[in-house]
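Chemist: this is the structure alone, sequence omitted:
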């Protein structure tokens with residue numbers, strides 16, 4: 001199981017950064033969206 005996970009990570013090394021940036025962007029959008037009602 002652990003070796004399979006390591007193999008998947010090794011194969012998808014190039015897309016991991018893009019996926020991480022996408023996740024961070026989605027979290028930022030969520031946080032900003034939740035705070036917008038408090039700004040008015």
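Modeler: Looks like it arrived, so ask away. From a predicted model like this one, the values you see are computed outputs, not experimental measurements. Numbering: from 1, shown residues only.
Chemist: tell me the mean pLDDT for the longest helix seen in the chain?
Modeler: As assigned by DSSP state H, the longest helix anywhere in the chain is helix 13-39. For helix 13-39, the mean per-residue pLDDT is 91.
Chemist: which helices and strands does it pack with?
Modeler: In terms of contacts (3 or more CB pairs under 8 Å, 6 or more residues apart in numbering; DSSP states H and E), helix 13-39 is not packed against any helix or strand. No exception for glycine: its C-beta is placed from N, CA and C like everyone else's.
Chemist: roughly how far out does that helix sit from the chain middle?
Modeler: 7 Å (CA atoms, centre = their mean, to the nearest Å).
Chemist: same check on stretch 8-26?
Modeler: Worked out by CA atoms, centre = their mean, stretch 8-26 lies 7 Å from the chain centre.
Chemist: got the contact list for that stretch?
Modeler: Applying CB atoms under 8 Å, 6 or more residues apart in numbering, stretch 8-26 turns out to have no external contacts.
Chemist: residue 39: neighbouring residues, count only.
Modeler: 6 (other CB atoms under 10 Å).
Chemist: quick check: the gap between it and residue 19.
Modeler: Counting by CB to CB, to the nearest Å, the gap from residue 39 to residue 19 is 30 Å.
Chemist: residue 1 too?
Modeler: 21 Å.
Chemist: between these two, who's got more neighbours?
Modeler: Ranked by neighbour count (other CB under 10 Å), residue 1 and residue 19 place residue 19 first, with 10 against 5.
Chemist: report the central residue of the chain.
Modeler: Centroid-nearest residue in the chain, with CA atoms, centre = their mean: residue 23, separated by 2.1 Å.
Chemist: and that one, how close does it get to residue 14?
Modeler: 16 Å.
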